[in-house]
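Novice: Next input, structure requested:
(2 chains)
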Amino acid sequence: MIEEIDKRIIRELQGDISLEKRPFAVIAGRIGISEEEVLKRTGSYLDKGYMRKFGAILLHREAGFKANGMGVWDVPAGDVQRVGEIMASFSEVSHCYERPSFDDWPYNLFTMIHSENEDGCHEIAERISRATGIKRYKLLFSTKEFKKTSMEYF
Amino acid sequence: MNQSKIENNLDSLDKKILNRIQTGFPVEERPFLAIGNELGIEEEEALKRVIRLKKDGIIRRIGASFDSRRLGFDSTLVAMKVPEERVDEVVLLINGYKEVTHNYLRDNDYNIWFTLIAPSGERIKEIIEEISSKSRISEIRNLPTTRFFKVNVDFNFRDDGD
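Specialist: Sure thing, here's the model as predicted:
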């Protein structure tokens, strides 16, 4: 159960911590509870799976991932589990999901592929294609970033 | 994964710190002391380096990555076919929603791709319908995850021991 106090802590944690020796004390001060309480509850969010992680988010473009290609794959419904597991095993693939397909959009498996440049992404996609036997796919590159924010939940 | 350019500007200790704090920043009273103890450096040095990596833009933020579903939220990916001459106007409409967290132009017929996080699936449908009717564009596809295989955005910095 998420209580009011949790919402206030989550509101702080979804942002950026202060770079000081005791960042959780800063959060505690803003909310008006003890540092111990902030630490206890923050730890519990990890245990309960509310948080996937508490850590540093890096700027990937700056960190050397210059090209990010969204691979979209047309996979027969009965083959999705096998293919999805193979795709997920590639270290160059950061995300792998199944999504619905439509008449004008047959691609039901999505992978985010990272490499130094677009050619590198194509080369990885070809390897994935060979490993899975899925031949109908596209690689969509982002040509412009219009928005990139962290969700503000509460 | 190639990350040569940035690696050239990071020394071995920077990489160790980045590897350590991206998988998990210590949730304790003095996290930089904990990092320092693990890596054999002073608390001050750990803090100073993290401040520099943040200032240099290598660290975007240090905080929580929540699992929206576990918090009771719903999320989706939306693809939309927007005529080139209307992209700016439609992007303004889409980005006006605080529930839209990412929005990209991609080289495809479906050229606008954005992610939505909202307290319910109903709210997500409502937003998509609103965007569709306000923009008078019916080619808009709701693509929620139906099966999950992987999410791992961590980035392993090789330590060449320089």
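Novice: How about B:Val100: what's its closest non-neighbour residue?
Specialist: Of all residues beyond its chain neighbours, the one nearest B:Val100 is B:Phe114 (5.2 Å), with distances taken as CB to CB, 6 or more residues apart in numbering or on different chains. Just so you know, the C-beta spots here come from the backbone N, C-alpha and C atoms, and that holds for glycine as well.
Novice: what secondary structure does the residue most central in space within chain A sit in?
Specialist: Central residue of chain A (CA atoms, centre = their mean): A:His95, 6.5 Å from the mean position. Reduced to three states with DSSP: H, G, I helix; E, B strand; the rest coil, the structure at A:His95 is strand.
Novice: How about A:Phe110?
Specialist: Quick answer, by three-state DSSP: A:Phe110 is strand.
Novice: For chain A, which segments count as strands?
Specialist: Remark: strands of chain A, listed N- to C-terminal, are A:51-58, A:67-73, A:93-98, A:109-115, A:137-148; assignment by DSSP state E.
Novice: I'd like those as a markdown table, with mean pLDDT and distance to B:Glu43 appended.
Specialist: Listed next are the strands of chain A as a markdown table, based on pLDDT from 0 to 100; distance: least, CB to CB, whole Å:
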| stretch | mean pLDDT | distance to B:Glu43 |
| --- | --- | --- |
| strand A:51-58 | 91 | 17 |
| strand A:67-73 | 93 | 36 |
| strand A:93-98 | 95 | 32 |
| strand A:109-115 | 94 | 33 |
| strand A:137-148 | 93 | 32 |
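Novice: I'd like those laid out as JSON lines, including distance to chain B.
Specialist: Formatted as JSON lines, the entries for the strands of chain A read as follows, by distance: least, CB to the nearest CB, whole Å:
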{"stretch": "strand A:51-58", "distance to chain B": "4"}
{"stretch": "strand A:67-73", "distance to chain B": "7"}
{"stretch": "strand A:93-98", "distance to chain B": "4"}
{"stretch": "strand A:109-115", "distance to chain B": "6"}
{"stretch": "strand A:137-148", "distance to chain B": "4"}
